[in-house]
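J.: have a look at this prediction, sequence included:
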Amino acid sequence: MVLDKRRAHLISILNQSTTPVAVQDLAFQMNVSPRTVYYDVEQINDWLAGQQLDLLETRHGEGLCLPESSRHHLESASLHFDGWHYQLSRKERTLLIKANILLQPHASMNTFMDLTHMSRGTVAKAIAALKQEFDQTGLTLHYQKGAGYQVEGPEDLQRLMLLNLVVDAYSHPEWVTVQNNLQHMALPSFLPPGENSRVIKRLLFDVEEQLGATFTDEMADLLALQMLMMVKRIDMNQSLHVQPEEKEVLKQTDAYISASVLSQELEKVWPLVFPEDEICFMTMNLLSSKVQHDDISRYSERESEGLRQVIHQMIEDFQIYSFVVFDDRKGLAENLLSHIKPAYYRIKYGVKVTNELSQNIQETYADLYHLTKRVMKHLELFIGRPVPEEETAYITLHFGGWLNKEKKAVETKYRGIIVCENGIGTSNMLRSQLEELIAGLRITAILSKREYQKNKHDTDVVFSTNYVKSDEVPVIHVPAILNNFEKERVIQIMNQQFETEPADRSLPAALMETIQKYATIHQQERLQKEITILLDSLHTDRKELRKPMLNELLTKDTIQLQEQAPDWEEAIRTAAQPLIDKSSIHPDYVEAMITNVKELGPYIVIAPRIAIPHARPESGVEQLGMSLLKLNEPVSFSDKEKHKAQLIIILAAIDNQTHLKALAQLTELLSDEKAVDRMIEASSNEEILHLINQTIEV
């Protein structure tokens, strides 16, 4: 294994330091994310092990350090870190070659080899793959002697490709080399080599007030580079044409006014003239950009009327599918509008969204993601295009953040501020996680890094996903999504900062204290992380919300088979009886379910042959429960044929979250018509349980 330049740089920082270096400080010095530092540490330790050297040490509360034995060996071996080169991955090489073809007038094989530090054969393979990619997007890549590699095809498709390759580059914070190369390639001929996109970025900040929005820190960087590339294409005499109908739509937005102001200011400092079509293209970029804050009162009726209706339908369906009721539906709708408006334009124009967190969201909040995916049909019908997984993942965070926004009277002990560059949905989910984790914490503001640095803030603690220097107020650096290990770390830091004992000391922390009494721990942070992961897999971490599986709720004792029921009311009473017998619900809850159907209609018949009666937790739920009654003869919940049901499934939820995993699994089962047929044909509880277990194992 060979270390690349970045990891060699990390070793050199530790080698030159006489004291441990915090991970956040390393991330700041190297201009990468803390997650990248942790990944690099694993790679460095593999390399050190291969050299038969002692691994990097993690000192609790202090940071990383290089053991003296390894330090002496590296120094005596006279290893020169500056001579080592960062080795680009295949994806990085392909992206840089693609950008070079689109932004440089004479893109050649030798240029690609110099750019990627790869052999002619490796570069040739990348070009062959790129030819196929260009073909699939309606463009043609060919080689012309004396002119190099050229692209033929509509300019709007070439611009879209450029927009998306910038998104790809910024979806990987560790791709610093790639991002720096893109900045250099995007410079138009009239700018000196030392320049970059900071002129555009400064002007973007000036138009924020006019837009009534605040761009995320990440989005400001990304947007500035995308616009610089637009200027480069204009400088290369590549003209863009926007369809007249689309142009008229774009000119009705506030973003068009801002784009006009932005272009006028750029014309003052650069020898450029922006045609109306380019101003429209700039408008598309602004409309597609993620924001930290957005003043939705400034949206025109034309911009928001259709989306408001879509969001209303999405919230209605989410409540039906998840069996929760949002107390602040207006707040959720406004929050969703701030995110879905730019998402609408991204999907409409085919622009990607940075997806650094997407996979993490899908894995960490699988049940929420499943439910959110179901309500995306309304947005897809409105736009006429499928919603990408990355967009669905971010919308999942909006719903997830709102599930915890119950009206709870909790005494405020600590006031906190969140500094986050990932946008509204991510920030609200982080707020929800922190307020649930720390008793008495109230988050008073969510700010971008720029907003935080502008003024002093009256707060007790700052939680930041960026590197923020700690002054009088303690700063706790956190990832955008907290896993169990990170939750443990946050609680420990809060206890240290405020000199308080945790009201409910966690099991991992208690185990660590016990181990320390009888053994010397060489890698404390790594050991605690592995203990936390192990305990979580055994479902013993008391802080993590326990979400039972479907087969833990629907058991032999809670499933009944019956020939028929006299009417729908009796069907509900019969179906609920096992939960009364288990003291999961009171009889009042049964009457509340029946009253709901009488007042609201047969909304509980969620699909042909399937009804899921439920009511609010406060109507008489003691503990989470689910029961199922299968009828051979259907019972009618109204005069309509579609309101007949044979599977009556009672849901007794205790809050807005605990039942979601089981519900997602139930939804998966009931969405399979063949599985529903087999449940209705089942002659025993065991047959139904077998179907449930099959669904969970898939």
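T.: Right, received. Where do you want to start?
J.: what's the helix or strand hosting R159 in contact with?
T.: Assigned by DSSP states H and E, R159 falls within helix 155-170. For helix 155-170, contacts defined as CB atoms under 8 Å, 6 or more residues apart in numbering pick out 91, 95, 98-99, 102-103, 137-139, 151, 175, 178-179, 182, 218, 221-222, 225-226, 229-230, 233, 238-242, 281, 285, 349-354. No exception for glycine: its C-beta is placed from N, CA and C like everyone else's.
J.: what comes up buried for the next helix or strand after that helix?
T.: Next along the chain after helix 155-170, taking DSSP H and E as the criterion, comes helix 176-185. With burial defined by 16 or more other CB atoms under 10 Å, the residues of helix 176-185 counted as buried are V176, T177, V178, Q179, N181, L182, Q183, M185.
J.: let's have these in JSON lines, adding distance to P634 and pLDDT.
T.: Shown next, in JSON lines, are the buried residues of helix 176-185 (distance: CB to CB, whole Å; pLDDT from 0 to 100):
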{"residue": "V176", "distance to P634": "63", "pLDDT": "76"}
{"residue": "T177", "distance to P634": "64", "pLDDT": "80"}
{"residue": "V178", "distance to P634": "60", "pLDDT": "87"}
{"residue": "Q179", "distance to P634": "61", "pLDDT": "87"}
{"residue": "N181", "distance to P634": "65", "pLDDT": "89"}
{"residue": "L182", "distance to P634": "62", "pLDDT": "92"}
{"residue": "Q183", "distance to P634": "66", "pLDDT": "89"}
{"residue": "M185", "distance to P634": "66", "pLDDT": "92"}
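J.: for D40, state which of those is nearest.
T.: V176 (12.1 Å; CB to CB).
J.: may I see the domains of this protein written out as residue ranges?
T.: Per automatic domain parsing, the domain ranges recorded for the chain read 5-83, 186-294, 300-403, 418-537, 550-697.
J.: that older thread, which of the contacts of helix 155-170 fall in helices?
T.: Among the contacts of helix 155-170, the ones falling in helices (DSSP state H) are 91, 95, 98-99, 102-103, 178-179, 182, 218, 221-222, 225-226, 229-230, 233, 281, 285, 349.
J.: wait, a strand at R415?
T.: Yes. Assessed with DSSP: H, G, I helix; E, B strand; the rest coil, R415 lies in a strand.
J.: so what's it bridging to?
T.: Beta bridges link R415 to R442, judged by DSSP bridges.
J.: contacts only, for it.
T.: By CB under 8 Å, 6+ apart, the contact set of R415 is R442, T444, D458, T459, D460, V461.
J.: which SSE is T214 in?
T.: Secondary structure (DSSP H and E) places T214 in strand 213-215.
J.: and that strand, which strands flank it?
T.: Strand 213-215 has these strand partners (DSSP bridges): strand 291-294 (antiparallel).
J.: what's the first helix or strand after the strand it pairs with?
T.: helix 301-322.
J.: tell me what that following helix is packed against?
T.: Applying 3 or more CB pairs under 8 Å, 6 or more residues apart in numbering; DSSP states H and E, one finds that helix 301-322 contacts helix 329-349, helix 366-375, helix 377-383, helix 660-670.
J.: can you pull the buried residues of the first one?
T.: When neighbours are counted by 16+ other CB under 10 Å, the buried residues of helix 329-349 are found to be 332-333, 335-349.
J.: C-terminal to that helix, what's the next element?
T.: Next along the chain after helix 329-349, taking DSSP H and E as the criterion, comes helix 358-364.
J.: repeat for the third one
T.: Moving toward the C-terminus from helix 377-383, the first helix or strand encountered (DSSP H and E) is helix 389-403.
J.: so how far is that following helix off the chain centroid?
T.: How far helix 389-403 lies from its chain's middle: 7 Å, per CA atoms, centre = their mean, to the nearest Å.
J.: where does the stretch 1-150 of the chain dip in pLDDT?
T.: Flagging of the stretch 1-150 of the chain using pLDDT under 70 yields the residue ranges 1-5, 28, 31, 75-86.
J.: can you give me the strands in it?
T.: Secondary structure of the stretch 1-150 of the chain (DSSP state E, counting those that start in this stretch): strands located at 57-59, 63-65, 140-144, 148-152.
J.: so which of those strands gets nearest E363?
T.: Nearest of the strands of the stretch 1-150 of the chain (CB to CB): strand 57-59, 25.0 Å.
J.: in the closest one, which residues are buried?
T.: Applying a neighbour-count criterion of 16+ other CB under 10 Å, one finds E57, T58 buried in strand 57-59.
J.: what does that strand contact?
T.: Contacts with strand 57-59, where a contact means CB under 8 Å, 6+ apart, come from P20, L64, C65, L66, P67, H522, Q523, Q524, E525, R526.
J.: for R233, see how far away the closest residue in space to the fifth one that isn't next to it in sequence is.
T.: Spatial nearest neighbour of P67, chain neighbours left out: D54 (4.0 Å); criterion: CB to CB, 6 or more residues apart in numbering. Counting by CB to CB, to the nearest Å, the separation of D54 from R233 is 52 Å.
J.: out of the strands of the stretch 1-150 of the chain, which is closest to D567?
T.: With CB to CB as the criterion, D567 lies closest to strand 57-59 of the strands of the stretch 1-150 of the chain, at 65.6 Å.
J.: remind me, longest strand of the protein?
T.: Longest strand of the chain, by residue count under DSSP state E: strand 625-636.
J.: which neighbouring elements make contact with whatever helix or strand comes next after that one?
T.: From strand 625-636 onward toward the C-terminus, using DSSP H and E, the following helix or strand is strand 644-652. On a contact count with 3+ CB pairs under 8 Å, 6+ apart, strand 644-652 meets helix 568-581, strand 609-611, strand 625-636, helix 660-670, helix 673-681.
J.: in a markdown table: the ones you listed, plus mean neighbour count.
T.: Compiled in a markdown table, the helices and strands packed on strand 644-652 are given as follows (neighbours: other CB atoms under 10 Å):
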| stretch | mean neighbour count |
| --- | --- |
| helix 568-581 | 20 |
| strand 609-611 | 21 |
| strand 625-636 | 21 |
| helix 660-670 | 21 |
| helix 673-681 | 14 |
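J.: and these, which one averages the lowest pLDDT?
T.: Of all the helices and strands packed on strand 644-652, helix 660-670 carries the lowest average pLDDT, namely a mean of 87.
J.: what's that one in contact with?
T.: In contact with helix 660-670 (CB under 8 Å, 6+ apart) are residues 321-323, 366-368, 370-371, 374, 547-550, 552-554, 606-607, 610, 626, 647, 649, 651, 675-676, 691-692, 695-696, 698.
J.: buried residues in stretch 452-467?
T.: Y452, D460, V461, V462, F463, S464, T465, N466, Y467.
J.: for the second one, give me the backbone phi and psi.
T.: Backbone torsions for D460, taken as degrees, to the nearest 10, come to phi -90, psi -30.
J.: that one contacts V473, doesn't it?
T.: Yes. Look at D460 against V473 with CB atoms under 8 Å: they come within range, at 7.1 Å.
J.: roughly how far apart are P578 and I650?
T.: 8 Å.
J.: I misspoke; the intended subject was M229.
T.: Taking CB to CB as the measure, M229 falls 57 Å from I650.
J.: re earlier: quick one: closest of the strands of the stretch 1-150 of the chain to A592.
T.: Closest to A592 of those is strand 57-59 (CB to CB; 53.2 Å).
J.: sheet partners, orientation included, of the closest one?
T.: strand 63-65 (antiparallel).
J.: who touches the strand it pairs with?
T.: Applying CB under 8 Å, 6+ apart, the contact partners of strand 63-65 are 14, 17, 19-23, 25-26, 41, 56-59.
J.: mind showing which ranges of the stretch 501-650 of the chain have poor pLDDT?
T.: Checking the stretch 501-650 of the chain against pLDDT under 70 turns up 501-508, 525-526, 529, 532-546.
J.: which residues are common contacts for P578 and I650?
T.: Common neighbours of P578 and I650 (CB under 8 Å, 6+ apart) are S627.
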